[in-house]
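S.K.: For reference, the sequence and a predicted model appear below.
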Amino acid sequence: MSGHSKWAGIKHKKALIDAKRGKAFTKSIREIMMAAKLGGGDIENNPRLRLAIERAKDFNMPTENIKRAIAKGTGEAGAVALEQVVYEGYGPAGVAVIVEGLTDNRQRTSSEIRSIFTKYNGNLGQGGCVGWLFERKGILRIERKESEEEPLFSLILEAGAEDLKTEEDEYEIITKPEDLEKVKKILEEKGIKISEASLTMLPKSTVKLEGKDAENVLKLMDSLEEDEDVQNVYSNFNIADEVIEAVTTQ
């Protein structure tokens, strides 16, 4: 899982940089609108909205922009035409890929996603074809400087987390989706700064890739992430850290 975690970490850092170009702003606003549309505008009773707002603040999004997005989502500022879409398919060497998106034109988005899969030797499949290979989980990322491993491990287990993975420069805490907010709050009360909190799809097992297959899978991931209608991309690849670093920072 180290290779997959490395990609997720780089992806998050790139999103912070992309915020300066406006693309991350657009995706973040869409997520706030959809979260408010589905769960209402009260952040205390809408965990998805709360996470979306926190991510928007990571991008230094102005409060007024956040308020307008919530108003659009709840219908106070007009109806929201966005709908949720999920695509499943296979990348090079048969790796599983799940794409979550928000779109105002399902036909356009489907065509674009299919084209990206084809370009990198992948195939878009039927709904449910790879979903069973993943589990919905909560993820918290913390820089290593924030805590020693042993006390952090004891703290998160008491808080209800499932696991702690130690990477080169950060910790990755895994929780059940419903326990994410509880664990996050306890860490914050202890003065531990969280660099990222999100809901994700973790693979139950991974496929080790090397060479051209590894490069093509990473290029597929990046191309999907770049699509304006795509919010999240998940896969079950396992690629060496140095390959991920080289390809995703080009």
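M.R.: Nice, I can see it. Numbers count the residues shown, from 1 in each chain.
S.K.: Sheet partners, orientation included, of the lengthiest strand in the chain?
M.R.: Secondary structure of the chain per DSSP state E: the longest strand is strand 134-143. Strand pairing for strand 134-143, determined by DSSP bridges: strand 170-175 (antiparallel), strand 196-203 (antiparallel).
S.K.: Centre of the chain to that strand, how far?
M.R.: On the basis of Cα atoms, centre = their mean, to the nearest Å, strand 134-143 is displaced by 9 Å from the centre of the chain it belongs to.
S.K.: What residues of that strand count as buried?
M.R.: For strand 134-143, the neighbour count (16 or more other Cβ atoms under 10 Å) marks 134, 137-142 as buried. From N, CA and C alone the C-beta is placed, and that goes for glycine too.
S.K.: Deepest in the core, which of the strands paired with strand 134-143 is it.
M.R.: Ranked by mean neighbour count, the strands paired with strand 134-143 are led by strand 170-175 with a mean of 21 (mean count of other Cβ atoms under 10 Å).
S.K.: Can you tell me what sits against that one?
M.R.: 5, 9, 137-144, 146-147, 149, 152, 156, 160-166, 183, 195, 202 (Cβ atoms under 8 Å, 6 or more residues apart in numbering).
S.K.: care to break this structure down by domain?
M.R.: Domain segmentation of the chain under automatic domain parsing yields 2-74, 84-129+204-248, 133-202.
S.K.: Lowest mean pLDDT across those, which one is that?
M.R.: When the domains of the chain are ranked by mean pLDDT, domain 2-74 comes last with a mean of 83.
S.K.: Now find how far off-centre that one is within its chain.
M.R.: That offset, for domain 2-74, works out to 11 Å (Cα atoms, centre = their mean).
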